[in-house]
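Chemist: Provided below are the primary sequence and the corresponding predicted coordinates.
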Amino acid sequence: MDIFIKIIYAAISILVATLYGLILIGIVHKIYARVHRRIGPPVWQPILDIIQTHGRKVATSHGIMFFLGPVFRMAGGMGTYLFMPVIFGSVVFSNYSMAGDLLLVMYFIFFGQLGMALGAGEGGHPYSPLGIARGLSQMSTFELPFSLAVISIAIQYQTLNITTIVAAQQGGMLNWTLFTNPLAVIAAMISLLGMNMHSPFSLVLAPQEIPIGPPIEMNGSFLGILQTNRALFASAKLVLFMNLFFGGATNLPIMMLKTFSIYMFSVFIGAAFPRFRPEQSFRFFLRIPTLIGILSVIVIAYL
Amino acid sequence: MKEKDIKIIEKEMKLANEGLPEMERDLFADDRPSRIEPLNKYLEQFLNWARARSLWILAYGTGCGAIELRPLMTARFDAFRYGIAGRPTPRQANVFIIGGYASLKTIKRIVRSYEQMQGPKYVIALGSCTINGGMYYDSYNTINRIDYYIPVDIYVTGCMPRPESLIAGFNGLKKKIQAGQCDGMNKYADNFDWYKANQKQIIKDWNMPDYNW
Amino acid sequence: MKEKIDRLRKMVNVLQVVEKHPDLYFITLEGNQLVMALGYLKNTLNFKHLAFMQAVDYLEDNKFMLTYMVYNYELKANLGVNVFIDREESSMFSIHRLWEHAWQYQRELYEMFGIDFPGSPRVDEPFIMESWEEMPPMRRDFDTLAYSQKTYFPRPGRETNDPKEQMKKAKYPNYPDSPKIRRDDE
Amino acid sequence: MNKISESKYKDFVADRSKYPEMENGKPVIDLDSHKFTKIWQGPQHPGVTGNMSVEIIVNGDEIVDAKTHVGYLHRGFEKLMERRRYIQCFPIVCRICVPEPDTNEYCVSAAMEDLAGIVIPDKAAWLRTLNLEMSRVAGFLMWLGGQAGSLGMGAIGQWTVAMRDYWLDLFEEMTGGRIYHMYMIPGGVRKNLPLGFKERVLQTVDRTYKLLDDIERVFLNNAIAKSRLKGLGIITPEMVSEYGIVGPTARASGIADDIRINQPYLKYAELEMKMLTSNIGDAYDRTELRFQELLQSLDLVKQILNKIPENGEIQAKLPNVLHWKIPAGQTYIKAESTRGEHGFYMVSDGSKYPRRVFARGASYTHAISVLEKLAVNITISDLAALMVSLHTCPPEIER
Amino acid sequence: MKLKDIIQPLTIWKRVAEEPWTIKDPLTERPGADNYRGFHQNDFAKCIGCGSCEEICQNAAIDLVPVEGQEVKDGNSGLRPRIDYGRCCWCALCVDICPTGALTMSNEYTWIDDDPEVFRFTPGADKTKWQDDEKGYSRSEDIALINFDRIEMEEKAPEDRDKSFIEIVKGYNKEQAMLEADRCLECGLCTATCPAHMDIPAYIAALREDNIEEAFRILYETNPLPEICGRICTHKCETACALHNNGEAIAIRWLKRYIADQIPAERYKEVLGTEHLADPKIGHKIAVIGAGPSGLSAAYYLAILGYQVKIFEALPDSGGMMRYGIPEYRLPYDQINKDIDYIKSLGVEIQFNTRIGQDIPLEDLHQEYSAVYAATGLHLGRSTRIPGSDNSEVYFATDLLRKFTLGQDIPVGKKIVVIGGGNVAMDITRTLARLQNQKYGKVDITATSLETEDIMPADREEIVESREEKAIIEPGWGPQEIEIKDGKIAGLHLIKCLSVFDENGAFNPKFDANEKKFFKADMVVESIGQGMDLSYISDELKEKIKMGPRGRIDVNEGFQTSVDWLFVGGDIIKGPDVINGVANGHIAAKAIDKYLNAQKK
């Protein structure tokens, strides 16, 4: 396929994913609002917010790294998204899926955080490093069960190519990893809670503790980029989970439905619980989900 | 403010950090802000449209006005539906609500927070105390009129102004933003010396507590 | 309550006892016996809770009155202990060893009234005011209105009329004042 | 901390004996060593209760030293009252504590009445009791939202603050004011109850019961909330008198001291109520106790509504307030606010103006002496929860 | 960690489908409560500009400003409160204290603007969208910050007093006086209405501060007859009192009496600081004609200015109408003497039984005295001139009263009708009622007037007390004819009076001839006003003096006639009442002083 067309397709895909992510965030705000017994903002509010942040002027400077942070973060989000198929069998939404892209995707999940850490650390505000420390520690801990789950399904499907994994799950609900390897899915879904950073794992932003942590000094377009990335990264994660565990999607509505349902899982838990203390959160991931992850690997590998 | 006043003050008052070495100048937060000029008429109109619909309040309850911010932001009045949200850091907020009286110690933080906010930024002054001292007009520790220290876009009178008044204030602010008339930030930049002089007149110890940002 | 005060009398010189209510008494002590009295009240007579300590400025008499309000959980009664101290070079014994939170009041009094409590922790740290250069503001000779008008730019344009003067202006502007009684020496 | 290492507190206390190094009972802190960071939590910080700040020194995210800074809300009420007539004091004092202004109004009015020897009519006393108890409900609801919010659970705050708003509607109807009621004028109260008010209060009480039912399930029985609040900020019974701790915060540590029961004022002697105490004294205990007190207050509101007489004077005869002089004397009037003993010490010298009014805010020591002690050795993440669990109200400290 | 604690929180989702609590459109859906303390309203029809709101405002938020269209009237300063919403705290103390109930609050509460200067407005004058709101806060009837009820004045019971001439009103005791003084709002609206412009709030304040001497000094600044005025003043001030709008006015007159009563006569000089004035004199000698209130007032002020004053009085005792017109039960003679003796003690000489014009020609006075102040008063009765009024049993009230005071016998009929509704009519009614009571053991006297009861010029309490003393008051009738039978009076025919004044306010009564009334009587007393007697002015002088309308002497504002040494004042110029006389005397004294000073140079 022509590389240029591929690029155009990827661009369209990213745009759709970002918009979808933003709307998704908007919808989730709306749902939270209903839990709070209020009406809630319009679903397109995140888009307006991003336009607004881009319209702001940046008059502070904390050095180049500070400004590169959001860029790295965005790169991480895009990287995560770009290397996996969004809609199975679609040309436009196939992205740069290739053999071994699962590893690449997992690397990019990390990459964004690290980049952000470099940038935010330059901000000089003491809450930034605190937030970063929390974020990175928590990420390390939830990555463990997640990686175990990924290893488990890599063993199960004998591949590291997401497209192949999706393909293997086609042909009926019962082919989904959810039913073929439930332990791995449980481990992964619990780590998704941490990944989505909803309560009780919202350590990084934690407004009452370290007011919004790493991006505390971010503003203007840089904040806008971070916001965009949040949307893109959210949809990327959800698509990844959909692909790995819930049989992927063959068209856009299915994709939206499935990702939305996956997201609702974190929302469902998130609305009901307060935030963990950092060490509680770390311990949490290193206990049951990790055990389940190990179990799933053992089950898949030896049974 | 009258231009005559500004000229007199410019002549008489010197910025407190004048003549200090470069390193120490920062402590006084005397960096002159710059004006914000619109890039393009139509783009600016579009941005103003978006700005009016996405107002981020600085979560700093400076006075008793903060008490009505909570009902405003919670289920009964739900300001989120108007695109009003709270931000915990001044860097990201664009609306500063002065919740009534500002004590001597607070006005210092108000000025500092206001300066940290990135433009375009707007100020809503709540309650009588911000207009003419309110019931603390004779207090030794509260200022009388906030517009001497930072520019204000909308005044909401009342003590306390109810959440509904506050929503009306936001509506007024939105209209003003959309019409492109909210130039408080430019006013601050243009009359920086006047504002600084006023601030310095009451804040004797300009040096902030050793905050390491 | 009376019995407790009688026991206190054996320890220190109680200058005055006022019963405001059956559960609220005020006694006046001598300044130099205060710490001993409070210690006795707290440890032996079980007035465990120090509700507050405050000062009242008697500018005319050139005195500060310090009030220590203690409370007895068993008796369910308050006892206010008053002592008078000199207003110039005002200073009082610190009671932060009796109650852990007393330093907080002493710090406030140091700042708001200028009463020194030597030995009290952090007593000279600014408590409420920041960069305050005038006299301690709670002293009665500090005029807060004048200070506010001088410092904080009251909004101009306010002017009022006295109804009496206004009516005089409108109705009888030329009415003569009362004649001055002529002195013989004029 | 020594006493805490005993028996029932043992489970909650970590061993901090090794680090940081201690000298004379204080940690050795060298900021230049880069082992410690100084952080100003507040005044602009969503986690602090009101406009105050805590200067903390952290090692990692563990607090090794804390200092409270207040004064951001200082308006000099006491000074201002010295140049206001007696009648002009009651509108100004209610600003001392915004979430619960009525206690201030009551205390200052009652202090004037006490000094001037005025006895308020029976109905006025009942209306005041109703007002105070309603304000306790509103105050507790606000606090409950704050306690949940400090742990990052926004929903509870949304619910309770909205519910408080329904109570504010009632206040508005009863007093004419939403936040500042300015209802208890010296000598009595300003308005009779409007028509049908009783039914509307009872409706709101029922709604509140229903909401509290939900909250009990969602928040008080919440595994994570429990895990975070248990063992946080333990106050031992010895500390209570040492640090002048009052109200529910003291009662959670087992000190049975409720002014409404021990030294009943207004009509509290005619109401049935139980002294609520608890014995561990950690943040969860305090939360639960306050929750119980909230339920108790709702019950009291119902009791009061049944007992309010239909007819009667609502104000004792006052002299012309423009030149009202009160004979010389001093008094101390206290009332139980949501935070505990809220008292006014008033000295008059026989003139038109009070010689001295001192407001003993219930949380005067909670936010400074106590917080500074309890904040050490916890992590930043718990500071907000600790602060809220002490139920501090900064303007009470600096006034 | 129990499983229950993990499952239960998820019930948070239970109410997600319920209707949100959010108010859909808070700006239109949520008016304030019915008695919400919103923005201020002011009913200009009620507001009197007394400034109590300004006084009680603890935020100094209220200014009193003149407002277009609001005139200065008696009891209304024309000022209106302007409220600075940069100060207001909505405590509504201003509403609670407002003595007229003009100031209220609407339940509107939203006002935003980007100009901080606009939040200062005059409710009622500036057009606001809430100015006609009906809901909102107003003072509850159940509370009061001020006392609207006058402290009861003890009086002799009607049965104790209706035979004797002992003073009726007992006067306040200290406690009562303090309580009554405490009610004063210190607005000062009364001062303008008082003809002498006494500083009423100041002396009441001094009284409240228990500083009687200071209060007494303030009284003497503008009124040298406090004992007299404290009893029989027409107290126009009390109708102007702010409290009068919604309750009972401060008993200003009784307070004045209380103050004066507290100082014994021998301490007057000491308290007022006039001990050194006993043996004058420097400068000019001045003659005063008539020892009535105006003459005495002028004499007093001239005396303290250092002039040598001599009063010429036609009657055998001083006091003029105060002694010869007002019965003793209202104004005991010893109180008159107390005031006058003090004036005399300052060196003022009074020559009795000397009628100027008859005994000494007016021009002669000018030889000896630098200036003459003529305050001769109104001593001639005025007749209704109705048929039958020339009968010998028809008397003038003033004549009867004077004769009674002089100790002469006066005729007392069995059935008497008094024509007139003024204070003099009441005086003669009550005097005759007492005499009837003494003589016949019962009262049968009727007073009738043109004016209906609400506009009767007599003091309210005079009417009430007359009725208590069993006199009949029948206002609203115009006398038509005195029926004479056999040279004796049979009775008085009256017809209904519809209105007394026409649209321009001029005296022009209208009657309804169909409604008639007849009072049987054997004696009729006319008391419809008094006439002046200018016979003491010689004809030559009369030509020099410019005369004004209706036979009055034309004077300038200092009561100087066109003959520059002659000053004329008192009832013949303005009045008739004591306090006007006092005021005239005061002004004239200052004018004479000015005139003489100008002459010297």
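Modeler: Everything's here; your move.
Chemist: which residue ranges of the stretch 451-600 of chain E form strands?
Modeler: Assigned by DSSP state E, counting those that start in this stretch, the stretch 451-600 of chain E shows strands spanning E:472-475, E:477-485, E:488-501, E:507-520, E:523-526, E:530-532, E:566-568.
Chemist: an error on my part: the question was meant for the stretch 51-200 of chain D.
Modeler: In the stretch 51-200 of chain D, the strands defined using DSSP E, counting those that start in this stretch lie at D:53-59, D:62-69.
Chemist: switch those strands over to TSV; also include mean neighbour count.
Modeler: Quick note: C-beta positions are derived from backbone N, CA and C, even for glycine. Below are those laid out as TSV (neighbours: other CB atoms under 10 Å in any protein chain shown):
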stretch	mean neighbour count
strand D:53-59	21
strand D:62-69	20
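Chemist: looking at the ones you listed, which is closest to chain C?
Modeler: Closest of the strands of the stretch 51-200 of chain D to chain C is strand D:62-69, at 8.5 Å (criterion: CB to the nearest CB).
Chemist: just list what the closest one packs against, helices and strands only.
Modeler: Using 3 or more CB pairs under 8 Å, 6 or more residues apart in numbering or on different chains; DSSP states H and E, the elements in contact with strand D:62-69 are strand D:26-27, strand D:53-59, helix D:371-374, helix D:380-389.
Chemist: can you redo the ones you listed as JSON lines with distance to chain C and mean pLDDT?
Modeler: As requested, the helices and strands packed on strand D:62-69 are arranged in JSON lines below (distance: least, CB to the nearest CB, whole Å; pLDDT from 0 to 100):
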{"stretch": "strand D:26-27", "distance to chain C": "11", "mean pLDDT": "70"}
{"stretch": "strand D:53-59", "distance to chain C": "11", "mean pLDDT": "84"}
{"stretch": "helix D:371-374", "distance to chain C": "8", "mean pLDDT": "85"}
{"stretch": "helix D:380-389", "distance to chain C": "16", "mean pLDDT": "87"}
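Chemist: in the stretch 1-150 of chain E, which spans are helices?
Modeler: E:3-7, E:26-29, E:52-56, E:93-97 (DSSP state H, counting those that start in this stretch).
Chemist: what of chain B?
Modeler: Taking DSSP state H as the test, the helices found in chain B are B:3-12, B:22-25, B:41-53, B:66-73, B:104-116, B:128-132, B:163-178, B:184-190, B:192-202.
Chemist: any stretches of chain B with poor pLDDT?
Modeler: B:1-31, B:205-213 (pLDDT under 70).
Chemist: from B:G133, how far out is the residue nearest the centre of chain B?
Modeler: The residue lying closest to the centre of chain B (CA atoms, centre = their mean) is B:V123, at 4.4 Å. Note on B:V123: its distance to B:G133, by CB to CB, to the nearest Å, is 17 Å.
Chemist: again with C:G157
Modeler: From C:G157 to B:G133 the distance is 13 Å (CB to CB).
Chemist: what's the closest of the helices of the stretch 1-150 of chain E to A:P42?
Modeler: helix E:26-29 (17.3 Å; CB to CB).
Chemist: for chain A, give me its nearest residue in chain C.
Modeler: C:E130 (21.9 Å).
Chemist: pLDDT below threshold where in the stretch 51-200 of chain A?
Modeler: Along the stretch 51-200 of chain A, segments meeting pLDDT under 70 span A:59-61.
Chemist: which residues in it form helices?
Modeler: For the stretch 51-200 of chain A, the helices defined by DSSP H, counting those that start in this stretch occupy A:64-82, A:101-121, A:127-157, A:162-168, A:177-180, A:182-196.
Chemist: need the winner for burial among the ones you listed.
Modeler: Of all the helices of the stretch 51-200 of chain A, helix A:182-196 has the most neighbours on average by mean count of other CB atoms under 10 Å in any protein chain shown, namely a mean of 24.
Chemist: centroid-nearest residue for chain C?
Modeler: With CA atoms, centre = their mean applied to chain C, the nearest residue to centre is C:V56, 1.4 Å.
Chemist: quick one, which of the helices of chain B is packed in tightest?
Modeler: Of the helices of chain B, helix B:128-132 is the most buried (mean count of other CB under 10 Å), at a mean of 30.
Chemist: right, is that one up against chain E?
Modeler: Yes: judged by CB under 8 Å from any CB of the partner chain, helix B:128-132 and chain E are in contact via B:128, B:130-132.
Chemist: residues contacting the residue of the stretch 151-300 of chain D found nearest chain C?
Modeler: Here the stretch 151-300 of chain D gets closest to chain C at one residue, D:S241, 4.0 Å apart by CB to the nearest CB. If you count contacts by CB atoms under 8 Å, 6 or more residues apart in numbering or on different chains, D:S241 has them with C:48-49, C:73, C:99, D:255.
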